[in-house]
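Asker: Generate a structure from the sequence data that follows.
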Amino acid sequence: MLTAIVWALLGAGSVGAILIGVRRHRPIRRAPWLLLAGSLAALSVGDVLYEYDRLPALADTVYLAMFALVAMSLIQFTRAGSLLPDRARLIDLVAFACAAMLVLWVFAIGSGTRFQTVPAADVIGDLLLIAVALRLVAADRRNVSAYLLVGGGLAMLAGDVLYPLTHESPVAESAFALLYLAWGASALHPSMARLTEPHPARLAPWRFRDTTLLAVSAAVPPLVLVIEALSGPVRNGVVIAVTGAVTLVLTITRLADSAQQHSQALTRERALRTANTALVAAADPPAVEAAVQAAVTRLLPAGAVRRVALATDDAGLTREGLPSAPAGGGTRSWWTGAAEPDERTLICPLRLEPLAVARPSGGALMVTGRREALVAGRDALEVLAGEAALALDRITLVEAVGRRDSDLYLRAVTGNTAEIMAVVDSDHRIRYASPGLRSLTGVAEMPPLTAFDELVHPDDQEAVRRALRTEGDGKVFCALPRPDGTQVLAEVRYRDLRADRLVQGLVVTLRVVASRSDVIEPAPHHEHQGGLPAWVNRRSAQHKFRY
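Answerer: Residues are numbered from 1 along each chain as shown. Coordinates of the predicted model:
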């Protein structure tokens, strides 16, 4: 027979093992394991009091407290967002099993058999504990901690059944000792952290049979009590009360989960609707980024997000030093590590949702914060990234259409004039050239993506490139070769409109220089004044008579 000291040592060792496991493996949520440690401590105190046999009522009270702590621990283990994405069906089945066991015990097992000495409430609680632990095993079949929880539950059931039947034999006591060892060891294994890892919630559709099952389960305990009261004295009042309390707690938990899911869905819907309105009204990328920042604040709990960044191109991702997407083109988001163990970074690539493809310019929405909150809002953040991609592409398209309309307007206005001008992009490619420029260079039609410096004599190309790379307005002199071998001297004046939303380039005008006096004629002041071309100071006869 085990003594009170042995029970106290077993309880202290199991509680210490759980605390060490929580400190070493650092699970996302510690509450389930701390509640489990509290239940073992209560069980140990109850066993010590039972061994002294002085306060049996207090020992029974402590045992009930132990079952309450175990129930709260299991609720935390199966909370939405942990290992089980959806515990609604589990609650329905457990409630129905609890009601079925009550009926079976009252009308079959417990009436006139030797099992009357077995505490029915303890047996029902043990079976519920084993059922929930088996569900954890089914969710993660490689989790050693879940198997140890199942083993502890089976040991508790064996002890509760064998202890009164075998008159407190050592075999029954060894079953309780195995309970302490199994639950203590479950926290020491590294797989214990996976039992509380957040997972995306799975919204189960409402079904009438599930509601009927839960209603029947809640109605069984009072119905059994009425039947016993009408047929004679109530012999199983404690069992009925415990079963009714368990069923009530399961029903309230089921309703609370449904209300919470509905509230979260409404919050996400309002936040995404507000973000959609702001993104539709956004006129530039900074406005899109501001709308995304505000939407993330509304989608996720306060304090759950540490950093939000919207990289509008692949270069932004490179600057942040983030890894690329994992293998598989259909990935909508992925994770990357962070400094804190419970903090991760979620990367949602900017995808064009109607087309289900990545945005051609690349980019991603990067949110760093608590992983549990990010997992819960992962779907909403992916939708937000898609809306941001649509807004950015709409802005790009509007700007491109505006530039095209501006070029068409310019072409219509200058089409019948002798003005020599061109619109040059930031990479010096000619986007529009007036007919006068084509006549000046002797080219009937310029090829697409022609650079402006390609029209310039090789000796003057570097000076032209240097002038066009500088910021602000200015002028530069150069020579333009023609297909017939002749060259034209020109004064190139450029106006820097690269910051203009519609132009985004340089407006270049050319004036033909007919003589040396035209070249050295003082020009109006500009922010950048180009130097005279190389041919002005050339001394060789070859270059002197070249023009």
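
Asker: Below-threshold pLDDT in the stretch 101-250 of the chain: ranges please.
Answerer: Scanning the stretch 101-250 of the chain for pLDDT under 70 picks out 109-117, 121, 198-206.

Asker: err, the stretch 251-400 of the chain, not the other one
Answerer: Residue ranges of the stretch 251-400 of the chain with pLDDT under 70: 313-331, 337-341, 353-361.

Asker: again, only this time at 50
Answerer: Applying pLDDT under 50 to the stretch 251-400 of the chain picks out residues 315-316, 318-322, 328-330.

Asker: quick one: the helices in it?
Answerer: For the stretch 251-400 of the chain, applying DSSP state H, counting those that start in this stretch gives helices covering 285-299, 314-320, 371-376, 378-414.

Asker: Can you show me the strands along the stretch 201-350 of the chain?
Answerer: Ranges of strands within the stretch 201-350 of the chain are 305-311, 334-336, 343-349, based on DSSP state E, counting those that start in this stretch.

Asker: Parallel or antiparallel, list what pairs with the shortest one.
Answerer: When pairs are called by DSSP bridges, strand 334-336 turns out to pair with strand 343-349 (antiparallel).

Asker: If I take the strand it pairs with and helix 378-414, what angle do their directions form?
Answerer: Strand 343-349 runs at 40 degrees relative to helix 378-414, counting by axes from the mean of the first three to the mean of the last three Cα atoms, to 10 degrees.

Asker: Next, the buried residues of strand 343-349.
Answerer: Within strand 343-349, the residues that count as buried by 16 or more other Cβ atoms under 10 Å are 344-349. Yep, even glycine has a C-beta here, placed from its N, CA and C like the rest.

Asker: CA atoms only for it - export them in PDB, please.
Answerer: Taking C-alpha atoms only, strand 343-349 is exported to PDB below (Å, rounded to 0.1, in the frame of the first residue of the first chain):
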ATOM      1  CA  GLU A 343       6.100  35.800 -33.000                       C
ATOM      2  CA  ARG A 344       6.200  35.200 -36.700                       C
ATOM      3  CA  THR A 345       6.000  37.100 -40.000                       C
ATOM      4  CA  LEU A 346       3.300  36.300 -42.500                       C
ATOM      5  CA  ILE A 347       4.000  37.100 -46.100                       C
ATOM      6  CA  CYS A 348       1.000  37.500 -48.400                       C
ATOM      7  CA  PRO A 349       2.000  38.000 -52.000                       C
END
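
Asker: to the chain's geometric centre, what's the distance from the host helix or strand of residue 494?
Answerer: Taking DSSP states H and E as the criterion, residue 494 maps to strand 487-497. Relative to its chain's centre, strand 487-497 lies at 53 Å (Cα atoms, centre = their mean, to the nearest Å).

Asker: what mean pLDDT does the helix or strand just after that strand have?
Answerer: Note on strand 487-497: by DSSP H and E, the next helix or strand toward the C-terminus is strand 505-512. In this model, strand 505-512 carries a mean pLDDT of 87.

Asker: Run a quick neighbour tally on residue 192.
Answerer: Neighbour count for residue 192, taken as other Cβ atoms under 10 Å: 25.

Asker: Any figure for the gap between it and residue 442?
Answerer: 81 Å (Cβ to Cβ, to the nearest Å).

Asker: now swap in residue 390 and tell me
Answerer: From residue 390 over to residue 442 (counting by Cβ to Cβ), the distance is 46 Å.

Asker: which secondary structure elements does the strand holding residue 494 contact?
Answerer: On a contact count with 3 or more Cβ pairs under 8 Å, 6 or more residues apart in numbering; DSSP states H and E, strand 487-497 meets helix 435-441, helix 458-469, strand 474-481, strand 505-512, helix 516-520.

Asker: which residues in the stretch 101-250 of the chain form helices?
Answerer: Going by DSSP H, counting those that start in this stretch, the stretch 101-250 of the chain shows helices at 120-139, 144-165, 170-188, 208-231, 237-281.

Asker: Which secondary structure state does residue 471 sit in?
Answerer: Put simply, residue 471 is coil when judged by DSSP: H, G, I helix; E, B strand; the rest coil.

Asker: rewinding a little: put together CSV for the buried residues of strand 343-349, with distance to residue 490 on each row.
Answerer: Converted to CSV, these look like this (distance: Cβ to Cβ, whole Å):
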residue, distance to residue 490
344, 60
345, 55
346, 56
347, 51
348, 52
349, 48
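
Asker: what's the helix or strand for residue 50?
Answerer: Here residue 50, judged by DSSP H and E, is contained in helix 31-52.

Asker: could you check the angle helix 170-188 makes with that helix?
Answerer: With the same axes, to 10 degrees applied, the angle from helix 31-52 to helix 170-188 works out at 160 degrees.

Asker: how distant is helix 31-52 from the center of its chain?
Answerer: In terms of Cα atoms, centre = their mean, the centre of helix 31-52 is set 38 Å apart from its chain centre.

Asker: Ok, stretch 426-434 next?
Answerer: Stretch 426-434 sits 43 Å away from the centroid of its parent chain (Cα atoms, centre = their mean).

Asker: before we move on, what about stretch 29-43?
Answerer: The answer for stretch 29-43 is 30 Å, by Cα atoms, centre = their mean.

Asker: Now tell me what touches that stretch from outside.
Answerer: 11, 14-15, 18-19, 21-22, 27, 62-63, 65-67, 69-70, 72-74, 76-77, 79, 82, 179-180, 183-184, 187, 192, 195-196, 372 (Cβ atoms under 8 Å, 6 or more residues apart in numbering).

Asker: just stretch 213-231 next, same as before
Answerer: Defining contact as Cβ under 8 Å, 6+ apart, one finds that stretch 213-231 is touched by 91-93, 95-96, 98-100, 102-103, 106, 234-237, 240-241, 243-244, 247-248, 250-251, 254.

Asker: again, 7 Å this time
Answerer: Under the criterion Cβ atoms under 7 Å, 6 or more residues apart in numbering, residues 92, 95-96, 98-99, 102-103, 106, 234-236, 240, 243-244, 247-248, 251, 254 lie in contact with stretch 213-231.

Asker: out of those, which are buried?
Answerer: By 16+ other Cβ under 10 Å, the contacts of stretch 213-231 give 92, 95-96, 98-99, 102, 106, 236, 240, 243-244, 247, 251, 254 as buried.

Asker: now, the most widely separated pair of those?
Answerer: Across the buried ones among the contacts of stretch 213-231, the longest distance by Cβ to Cβ is 25.4 Å; it joins 236 and 254.

Asker: What sits closest to residue 388 if chain neighbours are left out?
Answerer: Using Cβ to Cβ, 6 or more residues apart in numbering and skipping residues adjacent in sequence, the residue nearest residue 388 is residue 292, 5.3 Å away.

Asker: Tell me which residue lies nearest the centroid of the chain.
Answerer: residue 378 (3.5 Å; Cα atoms, centre = their mean).

Asker: Surely that one and residue 335 touch.
Answerer: No. Applying Cβ atoms under 7 Å, one finds residue 378 not in contact with residue 335, separated by 9.6 Å.

Asker: which neighbours do the two share?
Answerer: residue 346.

Asker: And stretch 120-129, what's buried?
Answerer: So stretch 120-129, judged by 16+ other Cβ under 10 Å, has buried residues 120-129.

Asker: got it, and stretch 470-487?
Answerer: 473-480.

Asker: which of those sit farthest apart?
Answerer: Most distant of those, by Cβ to Cβ, are 473 and 479, 21.8 Å apart.

Asker: Settle it for me: which of residue 390 and residue 442 has more neighbours?
Answerer: Legend: neighbour count by other Cβ under 10 Å for residue 390 and residue 442, higher for residue 390 (21 against 13).

Asker: where's the more buried one relative to residue 279, distance?
Answerer: Taking Cβ to Cβ, one finds residue 390 at 7 Å from residue 279.

Asker: With residue 397 instead?
Answerer: Counting by Cβ to Cβ, the gap from residue 397 to residue 279 is 14 Å.

Asker: Looking at those two, which one has more neighbours?
Answerer: residue 279 (22 against 10).
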